[in-house]
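J.: Predicted model, plus sequence, below.
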Amino acid sequence: MSTQTERDIEIAAAEILQGGLVAIPTETVYGLAADATNNEAVARIFEAKGRPQFNPLIVHVRDIEMAARYAEFAPLACKLADHFWPGPLTIVAPRRADSALSLLVSAGLDTIGLRAPNHAVAQALLRATGRPLAAPSANISGGVSPTTADHVLHSLGGRVDRILDGGPCQIGVESTIVRVHEDHIFLLRPGGVSRAEIERAIGIKLAKPPQTDKPQAPGMLASHYAPSVSIRLNAKQAEEGEAFLGFGEIDDLSAPLAKNLSQTGDLREAAANLFAHLRAMDAECVQLGLSTITAAPIPEEGLGEAINDRLRRAAAPRV
Ligand code: TXA
Ligand code: MG
């Protein structure tokens, strides 16, 4: 299990059971985990991230059976979980009346977002604690999500009790979030499972969420995932004073700073590199006195939908 030993997991589990905060690797991004049944522990997550209280948190579980203890998992939700768990799909379902989860995790909504992470360290911690783990991405609210333990150390270092290192995240963008209602599946946030994969597996077209779903995901706030410099999208080359983030053959090696998300134009590789490249370029831009990261166009297919979603939010005017 990557670099963590059983002893590290035991210590981390004891910290979680005492209400502590532990940063954990998942296959998508690193999460800031706490016992989802402990109000004070969940409150500490919001405090550490500087997150607005109205944003609900994803609860991580081992499997469908554990999910069904906290939320009403109708047949369609079960079918999705059966197919995609463990994996990068978060399912939003009605909260059970007898749910033991802290009310803070759902931030006043009558639904819960649940997922089973596909990562040995996260699963080991779930087993060792026996608790559902509330875990948003382990970054200061609004910033770039962490895909290595080092990223977490830089943004939240002093604010967590422990960081479990599981190496770089394989997928690199957050989970896809869907809400299931009767026989509809609403796409709340594109992510690590593509729209096409879900539609192919389940045989139902993903629908646009009704207006009432809008404020529910900060991943949905216009400005999010933002580095400190500005972002300009869909460009073929950098202008004076800009760095260039290329994709495939669209690259600008004459820029003072250039990186490529995937030289071969592979969207999976691009997703895995996205946040790490943004962080590294952000820091270098500041050093070199560059004001903007300019990004090449990314095809809106497969994981490209999630990559474009994150880039658009990173580029949006900051509030
Ligand atoms: O891949 C991921 O999803 C990562 C890893 C750590 O699992 N987590 C993550 O969490 O991205 P966070 O908190 O950064 O984003 C969770 C999103 C938020 O946009 C939140 O509003 C939405 O999930 N969410 C959580 N519960 C919800 C609910 N009941 N209804 C609608 N959206 C919900
Ligand atoms: Mg986040």
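T.: Noted; the coordinates are in hand. For clarity, every value in this text was computed on a predicted model and none was experimentally measured. Ligands and ions are numbered 1, 2, ... in the order given.
J.: tell me what whatever helix or strand Glu65 lives in is packed against?
T.: Here Glu65 sits within helix 64-70, counting by DSSP states H and E. Identification of packing neighbours for helix 64-70 by 3 or more C-beta pairs under 8 Å, 6 or more residues apart in numbering; DSSP states H and E yields helix 75-84, strand 111-115. (Glycine included, C-beta is placed from N, CA and C.)
J.: helices and strands around the last one, which ones?
T.: Going back to what we said before, that points to strand 111-115. If contacts are counted by 3+ C-beta pairs under 8 Å, 6+ apart, strand 111-115 sits against strand 58-60, helix 64-70, strand 89-94.
J.: Contacts for the next helix or strand after that strand next, please.
T.: Going down the chain from strand 111-115, the next helix or strand is helix 120-129, by DSSP H and E. Contacts to helix 120-129, defined as C-beta atoms under 8 Å, 6 or more residues apart in numbering, come from residues 1-2, 4, 6, 9-10, 12-13, 16-17, 22, 24-26, 31, 33, 35, 60-62, 86, 116-117, 132-133, 164, 166.
J.: Quick check: the gap between the nearest residue to Glu249 once chain neighbours are set aside and ligand 1.
T.: Excluding its sequence neighbours, the residue lying closest to Glu249 (C-beta to C-beta, 6 or more residues apart in numbering) is Gly265, at 7.1 Å. Taking C-beta to the nearest ligand atom, to the nearest Å as the measure, Gly265 falls 24 Å from ligand 1.
J.: If you tally nearby residues, what's the number for Gly265?
T.: Neighbour count of Gly265, defined by other C-beta atoms under 10 Å: 15.
J.: Identify the residues contacting it.
T.: By C-beta under 8 Å, 6+ apart, the neighbours of Gly265 are 247-249.
J.: what residues does the protein put near ligand 1?
T.: 26, 28-29, 31, 55-58, 88, 90, 92, 106, 109, 111-113, 135-137, 174-175, 177, 188, 216-219 (C-beta under 6 Å from any ligand atom).
J.: follow-up on the earlier one: most neighbours of all the contacts of Gly265, which one?
T.: Counting neighbours by other C-beta under 10 Å, Phe247 comes out on top of the contacts of Gly265 with 23 neighbours.
J.: Just to check, it is in contact with Ala270?
T.: Yes. Taking contacts as C-beta atoms under 8 Å, Phe247 lies within contact range of Ala270: 6.0 Å.
J.: and for those two, which residues touch both?
T.: Shared contacts of Phe247 and Ala270 (C-beta under 8 Å, 6+ apart): 261-262, 298.
J.: re earlier: any idea which of the contacts of Gly265 is closest to Ala306?
T.: Taking C-beta to C-beta as the measure, Ala306 lies nearest Phe247 of the contacts of Gly265, at 14.0 Å.
J.: what's across from the closest one in the sheet?
T.: Ile250 (DSSP bridges).
J.: cool, Val59 as well?
T.: Assigned bridge partners for Val59, using DSSP bridges, are Leu114, Ala134.
J.: low pLDDT regions in the stretch 151-300 of the chain?
T.: Counting by pLDDT under 70, the ranges of the stretch 151-300 of the chain that qualify are 212-223.
J.: Mind doing that once more with 90?
T.: For the stretch 151-300 of the chain, applying pLDDT under 90 flags the ranges 210-228.
J.: The closest residue to Glu72 other than its chain neighbours: neighbouring residues, count only.
T.: Of all residues not flanking Glu72 in the chain, Pro94 sits nearest, at 4.5 Å (C-beta to C-beta, 6+ apart). Neighbour count for Pro94, taken as other C-beta under 10 Å: 18.
J.: okay, the helices and strands packed on helix 64-70 in TSV with distance to Arg200 next?
T.: Formatted as TSV, those follow (distance: least, C-beta to C-beta, whole Å):
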stretch	distance to Arg200
helix 75-84	10
strand 111-115	20
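J.: would you list these in a markdown table and tack on mean neighbour count and mean pLDDT?
T.: Formatted as a markdown table, those follow (neighbours: other C-beta atoms under 10 Å; pLDDT from 0 to 100):
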| stretch | mean neighbour count | mean pLDDT |
| --- | --- | --- |
| helix 75-84 | 18 | 98 |
| strand 111-115 | 25 | 97 |
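J.: just to revisit the earlier point, ok, now which ones touch the residue nearest to Glu72?
T.: So Pro94 contacts 71-72, 110-112 (C-beta under 8 Å, 6+ apart).
J.: between the residues you listed, which is nearest ligand 1?
T.: Thr111 (3.9 Å; C-beta to the nearest ligand atom).
J.: ok, for the closest one, nearest residue in space, not its chain neighbours?
T.: Using C-beta to C-beta, 6+ apart, the closest residue to Thr111 is Val92 (5.0 Å).
J.: from memory the one you found sits against Arg189, does it?
T.: No. Assessed by C-beta under 8 Å, Val92 is found out of contact with Arg189, at 10.0 Å.
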